[in-house]
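Chemist: Everything below, folded, please.
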Amino acid sequence: MFTPVVENSVFDSDIIFAYTVIRKNGFYSKPEVFKTVEQLRAEQMEQARKERENALEKPKEEIRRDWLLKREEHFYRMLSAPTCEEYRRCYETLTPFERKLNRGSPAFERVMRRAFEKLFPEDKPKE
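Modeler: Numbering: from 1, shown residues only. The predicted structure is shown next:
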């Protein structure tokens, strides 16, 4: 059995302790971690809402990631085949300075990517 102590007094029951605190303070304060039923329900509803939002966001992220991977694969396939029509169209849009860049360099890859994205703006997945 719990025997609470208030001002060096020992009480025989919890009820006597509670009434003593109420008589002394005029009220019995709730514990710091106490939450009302309404507060608990609001927290549960908020958590459920966040879970629903996360469940909706996951497929969007996966669709976008898949789209980016396909786009990246398409670009590198085009870049590795200098005789294809897409490569020729991208290469024609480059400036004379950009055409002089070494074809294996990162700078050439960047300018070709920029040209590729301008010429082939495949539809992005809907957000």
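
Chemist: mean confidence for stretch 25-43?
Modeler: When pLDDT is averaged along stretch 25-43, the result is 81.

Chemist: Can we start the residue count at 7 from this point?
Modeler: All right, first residue 7 from here; so that's stretch 31-49.

Chemist: hmm, who's touching it?
Modeler: Residues outside stretch 31-49 that contact it (CB atoms under 8 Å, 6 or more residues apart in numbering) are 24, 27, 28. (Each C-beta comes from the backbone N, C-alpha and C, glycine too.)

Chemist: Let me see the confidence value for residue 103.
Modeler: Note for residue 103: predicted pLDDT of 92.

Chemist: And for residue 97?
Modeler: 91.

Chemist: Kindly provide the distance from it to residue 71.
Modeler: According to CB to CB, to the nearest Å, residue 97 and residue 71 sit 29 Å apart.

Chemist: what about these two, which has more around it?
Modeler: Each of residue 97 and residue 71 has its neighbours counted (other CB atoms under 10 Å); residue 97 has more, 16 against 11.

Chemist: so that one is in which element?
Modeler: For residue 97, the host element (DSSP states H and E) is helix 91-98.
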